[in-house]
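Engineer: Quick one: sequence and predicted model below, then my questions.
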Amino acid sequence: MDTQISDTRITDTLAGFDVERVRADFPILSRTVHDRKGRPGKPLVYLDSAASAQKPRQVIDAMTRFLEEDYSNIHRGVHFLSQTATDQFEEARRKVARFLNAPSERNIVFTRSATEAVNLVAHSYGRTFLSEGDEIIVSVMEHHANIVPWQLLQMEKGIRIRVVPVDEHGVLDLDAYEDLLSDRTKLVAMTHCSNVLGTVTPAKIIARMAHERGVPVLFDGSQAAVHGVVDVQDIDADFYIMTGHKLYGPTGTGVLYGKYDLLKRMPPYQGGGDMIESVSFEGTTFKAPPARFEAGTPAITEVVGLGVALDYMERLGREAIAAHEHDLLQYATQQLSQIDGLRIYGTAPGKGPIISFTLEGVHPHDLGTIVDQYGVAVRVGRHCAEPLMDRFGVGATARASFALYNTRAEADALVDSVIAVKEFFGA
Amino acid sequence: MMDELRELYQEVILDHGKNPRNFRHPDDANREAKGENPMCGDRFMVYLKLKDGVVEDVAFQGRGCAISTASASMMTEVVKGKTEAEAKALFETFHDLCTKDDHEHGDHGPVDEDAMERLMVLSGVRQFPVRVKCATLAWHAMNAAIEGEDKASSE
Ligand SMILES: Cc1ncc(COP(=O)(O)O)c(C=O)c1O
């Protein structure tokens, strides 16, 4: 074994960010995995937060308390609990608005996921305002959630999808973007942070270039909102999308921010209760946004939990979180890079704490299984981003993603387990 | 310490994973089917030369993990020379080996016991449910090719 690693290891944590105290807030992080009779398991090293983040005690407790004390359906009913529950649900909407620096909570539509939010825009905005020959610009590093809804629209309307490439570091090609923008462009739908490469796209510039041509821009902030401060007004985003379960909140919660004049012009996405003003068989009228887009009973408890998750992030400080994660990214990148035959995909400056990599001679799937035996949870595969895999000519990668609760010691555990894989395969 | 891992990645598997046998596209193949695992992106083409109900040649190409490559490689070795019925019986029996406890194995007709003995090295996947698809991918494609399908139904 010639890989020299240990002498450069530093275990200091950043001043001001007490990661051990943070970890104590996440009950799941103290468990072990692969326990077997008579043999204790391995401590969990959770490096798959880009797929879904773990939940702090504060969120779990708030949801339990809500269910035990305040739960009922919302927006309907004059009784005490309905009012209490509605107040907390709407309070969560205000928290989301503050989190994104939206002008008002009226800009915030709750969906069930980021995926549903993109589909909402594709259905409601896309079907209304786009027609044959119109073009939508996306990037090659989109998650399938920001590709397939547009392809469905393409099948229905005959629109075209144009794709902005990235260079070998994973940096978005702004010149190509400029060239693709034309009179036919009707929407730009772009990731704000790649879930594979970690690349953070220059949202403000992307929006400005589109707006010069009067084109609205949607950002998929599923990853970006987790790792940095997002100001939708500063970016001047027309739509901005998040998914609650990656923000330390529960599943079943997604967010669509929209400029109000756009939302106002959009027809409903789904029909049902809560989104109507009055219903008759002669004709039904719809509520104003955001209610217009929230048909049926939403994930009430979960939305309340999301609000608490955002509070949690705010309390730690989003800049402090980003700094902590950036430190982990740099440290892990540096340590991993010393392993012979290890290749990292995505080296854009200012990237988010996501490391996709391959190890020469070892398939990522085998790597994932083996590091898992050491307690290290990474994602392997195509990460719902097949076009990007093709761009880099890989069938699959392993991906380690870092969150506010990860430590340098966990980065070390990753590196050690990857070295074990190498030894195992004699690679 | 990692007994399950050693059990999964036995030397034979590592060897077949690195140096797969029958990794080629025969000119005279008259059947082919694709096997694909959408989760990890593994993709194989399995080629058969069927003549008078006998698998005269079988080979594969594509990319996959050590488990799926080794399993494909071993599949080509044991299926070659079998009748269609024998090949299908091997497929079904092997599938049981990867997915079921011993006492649940079904009867799929006469099966080459020596072949099954060799394939035992792949039974370690039972401890790793997400890897079962890797072990059975090329087998599904082989079975599909015999049935005249061009791609393994993704079960
Ligand atoms: C960049 C990006 N967009 C969209 C999604 C979809 O999120 P969800 O599955 O919560 O709808 C994900 C997560 O899987 C993602 O990483």
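Structural biologist: Perfect, thanks for sending it.

Engineer: which regions of the stretch 1-150 of chain A lie under the pLDDT threshold?
Structural biologist: A:1-15 (pLDDT under 70).

Engineer: Mind doing that once more with 80?
Structural biologist: A:1-16, A:38, A:76-77 (pLDDT under 80).

Engineer: how about the strands in it?
Structural biologist: Counting by DSSP state E, counting those that start in this stretch, one finds strands in the stretch 1-150 of chain A at the ranges A:32-33, A:42-43, A:45-46, A:108-111, A:135-139.

Engineer: now do chain B
Structural biologist: B:31-37, B:42-51, B:54-63 (DSSP state E).

Engineer: Can you name the residue of chain B nearest to chain A?
Structural biologist: Here chain B gets closest to chain A at one residue, residue B:65, 3.6 Å apart by C-beta to the nearest C-beta. Quick note: C-beta positions are derived from backbone N, CA and C, even for glycine.

Engineer: quick revisit: how about a markdown table for the strands of chain B, with mean neighbour count added?
Structural biologist: Listed next are those as a markdown table, based on neighbours: other C-beta atoms under 10 Å in any protein chain shown:
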| stretch | mean neighbour count |
| --- | --- |
| strand B:31-37 | 21 |
| strand B:42-51 | 22 |
| strand B:54-63 | 20 |
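
Engineer: quick one: which of those is nearest residue B:86?
Structural biologist: strand B:54-63 (8.5 Å; C-beta to C-beta).

Engineer: which other residues reach that closest one?
Structural biologist: A:395, B:20, B:22-26, B:28-29, B:35, B:42-50, B:69, B:72-73, B:75-76, B:79-84, B:87, B:138, B:141-142, B:146 (C-beta atoms under 8 Å, 6 or more residues apart in numbering or on different chains).

Engineer: ok, 7 Å please
Structural biologist: A:395, B:22-26, B:29, B:42-49, B:72, B:76, B:79-83, B:87, B:138, B:142 (C-beta atoms under 7 Å, 6 or more residues apart in numbering or on different chains).

Engineer: on that earlier part again, can you list the strands of chain B in CSV and add mean pLDDT?
Structural biologist: Shown next, in CSV, are the strands of chain B (pLDDT from 0 to 100):
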stretch, mean pLDDT
strand B:31-37, 94
strand B:42-51, 95
strand B:54-63, 96
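
Engineer: Make a markdown table out of those strands and add distance to residue A:349.
Structural biologist: Shown next, in a markdown table, are those (distance: least, C-beta to C-beta, whole Å):
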| stretch | distance to residue A:349 |
| --- | --- |
| strand B:31-37 | 35 |
| strand B:42-51 | 33 |
| strand B:54-63 | 32 |
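
Engineer: Just send those back as JSON lines, with distance to the ligand too.
Structural biologist: Shown next, in JSON lines, are these (distance: least, C-beta to the nearest ligand atom, whole Å):
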{"stretch": "strand B:31-37", "distance to the ligand": "19"}
{"stretch": "strand B:42-51", "distance to the ligand": "21"}
{"stretch": "strand B:54-63", "distance to the ligand": "24"}
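
Engineer: These: which one's closest to residue A:79?
Structural biologist: Nearest of these to residue A:79, taken as C-beta to C-beta: strand B:31-37 at 52.0 Å.

Engineer: How about residue A:341, nearest residue that isn't a chain neighbour?
Structural biologist: Leaving aside its sequence neighbours, residue A:341 sits nearest to residue A:360 (C-beta to C-beta, 6 or more residues apart in numbering or on different chains; 3.4 Å).

Engineer: number of nearby residues for that neighbour?
Structural biologist: Neighbour count for residue A:360, taken as other C-beta atoms under 10 Å in any protein chain shown: 12.

Engineer: Give me the distance between it and residue A:204.
Structural biologist: For residue A:360, the distance to residue A:204 (C-beta to C-beta, to the nearest Å) stands at 39 Å.

Engineer: Kindly report the same for residue A:85.
Structural biologist: Distance, residue A:85 to residue A:204, by C-beta to C-beta: 38 Å.

Engineer: just residue A:112 next, same as before
Structural biologist: For residue A:112, the distance to residue A:204 (C-beta to C-beta) stands at 29 Å.

Engineer: do the same with residue A:57
Structural biologist: Separation of residue A:57 from residue A:204 (C-beta to C-beta) stands at 36 Å.

Engineer: What's the mean pLDDT across the helix or strand where residue A:240 lies?
Structural biologist: In the assignment (DSSP states H and E), residue A:240 maps to strand A:239-243. Averaging pLDDT along strand A:239-243 gives 98.

Engineer: and what of stretch B:145-154?
Structural biologist: Rounded mean pLDDT across stretch B:145-154 is 86.

Engineer: Other residues contacting it?
Structural biologist: B:31-35, B:38, B:46, B:48, B:84, B:87-88, B:140-141, B:144.

Engineer: can you tell me which residues contact residue B:4?
Structural biologist: Shown in contact with residue B:4 (C-beta under 7 Å, 6+ apart): residue B:127.

Engineer: give me that answer again for 8 Å
Structural biologist: Residue B:4 makes contacts with A:373, B:124, B:127-128, as judged by C-beta under 8 Å, 6+ apart.

Engineer: Could you pick out the residues of chain B near chain A for me?
Structural biologist: Counting by C-beta under 8 Å from any C-beta of the partner chain, the positions of chain B adjacent to chain A are B:2, B:4-5, B:8-9, B:14, B:18, B:39-43, B:63-69, B:128, B:130-131, B:134.

Engineer: Many thanks, have a good one.
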